[in-house]
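Visitor: Sequence and predicted structure are below.
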Amino acid sequence: MPGEIVSTELLSCSYREGLVLEEISFQVQRGDYVGIVGPNGSGKSTLIKALLGLVTISQGKAVLFGTPLSMFRDWHKVGYLPQSLHLVNPVFPATVHETVGLGLLSLKRFPKRLNRADGVKIDVLLEELGISDLKHKLIGELSGGQLQRVLLARAIVNDPELLVLDEPTAALDPETRGRFYAMIADINRTRGVTVLLVTHDSGAIGEHASKMLYLDKKLLFYGSFDEFCCSPEMSSMFGEHSQHLMCHRH
């Protein structure tokens with residue numbers, strides 16, 4: 001099993017309006033929990049979409065689990081929680097149990113059906129995430145925080161080795177947000193799942209993530225939160241006050 005889960009080398013992405021990411025190089029090791037932070041328009045979502053093959057890489061390369069992205073086919077190893085809850089149709093007549101079960105279908109051959117063992121696995125996971133009482137509710141009846149947990153369950157039900165989350169807490173209040181970060185940290189720790197999490201919340205994520213990747217079209221910092229907090233370069237870039245605010249929560 002390779003220790004390196006994700007690797008990029010001089011990765012660049014362009015949209016019509018110009019370069020969005022410029023020569024990004026970094027490596028993520030097995031078991032890392034990486035918080036990806038940066039200002040609006042810094043390319044955070046573009047970076048993870050590029051790693052998932054959802055956005056074209058204009059230059060450079062990305063490697064997942066030791067395989068160049070263009071040849072990578074083991075997508076069952078990756079769980080993805082996209083940014084937009086509005087991608088979920090609230091009137092789609094699916095229960096929580098059925099929605100989470102969709103995450104298991106990628107492993108099935110045709111005909112794609114769930115069996116009794118799958119049902120038990122879903123029940124155990126709903127219990128683990130504290131949403132077993134929602135099992136028979138329709139997804140249109142859920143609050144933002146509840147729906148986010150259901151979508152997280154769908155992303156991890158087939159035991160991925162890498163979990164990618166794009167601003168999963170944007171619609172949540174601060175208390176629910178803190179609980180969600182702690183839940184991801186627990187999944188990282190107890191299941192050994194490698195995590196890439198995009199967030200605006202650089203202070204709160206510092207309490208849980210093992211590493212921080214600071215992006216503003218270019219890679220400005222990648223390392224542990226302790227390294228970030230002690231870095232004179234980061235003090236001069238952000239100003240000591242802003243750096244202290246990010247590190248104070250940590």
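Guide: The structure has been received and is ready for your questions.
Visitor: by contact count, what packs against the lengthiest helix in the chain?
Guide: The longest helix of the chain (DSSP state H) is helix 174-191. Applying 3 or more CB pairs under 8 Å, 6 or more residues apart in numbering; DSSP states H and E, one finds that helix 174-191 contacts strand 33-37, helix 144-156, strand 162-166, strand 194-198, helix 202-205. C-beta coordinates here come from the backbone N, C-alpha and C atoms, glycine included.
Visitor: Show me what the third one is in contact with.
Guide: Counting contacts by CB atoms under 8 Å, 6 or more residues apart in numbering, the residues outside strand 162-166 that touch it are 5-6, 44-45, 48-49, 51-52, 64-65, 77-83, 152, 155-156, 184, 187-188, 193-198.
Visitor: One more: the fourth one?
Guide: Counting by CB under 8 Å, 6+ apart, strand 194-198 makes contact with 5-6, 28-37, 44-45, 47-48, 51, 83, 161-168, 184, 187-188, 205, 209, all of which sit outside it.
Visitor: Now do the strands in this structure.
Guide: 4-15, 18-29, 33-37, 59-64, 67-68, 78-81, 162-166, 194-198, 211-216, 218-224 (DSSP state E).
Visitor: Show me the shaky parts of the protein.
Guide: In the predicted model of the chain, residues 1-2, 84-91, 107-112, 171, 238-250 satisfy pLDDT under 70.
Visitor: Tell me which of the helices and strands packed on helix 174-191 sits nearest to G223.
Guide: G223 lies closest to strand 33-37 among the helices and strands packed on helix 174-191, at 10.3 Å (CB to CB).
Visitor: Parallel or antiparallel, which strands does that closest one pair with?
Guide: strand 194-198 (parallel), strand 211-216 (parallel) (DSSP bridges).
Visitor: Please produce CSV containing the helices and strands packed on helix 174-191, extended by distance to L126.
Guide: Below are the helices and strands packed on helix 174-191 laid out as CSV (distance: least, CB to CB, whole Å):
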stretch, distance to L126
strand 33-37, 23
helix 144-156, 6
strand 162-166, 17
strand 194-198, 20
helix 202-205, 25
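Visitor: now these as JSON lines including mean neighbour count and distance to S70?
Guide: Shown next, in JSON lines, are the helices and strands packed on helix 174-191 (neighbours: other CB atoms under 10 Å; distance: least, CB to CB, whole Å):
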{"stretch": "strand 33-37", "mean neighbour count": "25", "distance to S70": "23"}
{"stretch": "helix 144-156", "mean neighbour count": "21", "distance to S70": "24"}
{"stretch": "strand 162-166", "mean neighbour count": "22", "distance to S70": "18"}
{"stretch": "strand 194-198", "mean neighbour count": "25", "distance to S70": "20"}
{"stretch": "helix 202-205", "mean neighbour count": "21", "distance to S70": "31"}
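Visitor: And those: which comes nearest T176?
Guide: helix 144-156 (4.2 Å).
Visitor: Any figure for the gap between the residue nearest in space to the middle of the chain and H208?
Guide: The centroid of the chain falls nearest to L165 when counting by CA atoms, centre = their mean (2.0 Å). In this view, L165 and H208 are 12 Å apart by CB to CB, to the nearest Å.
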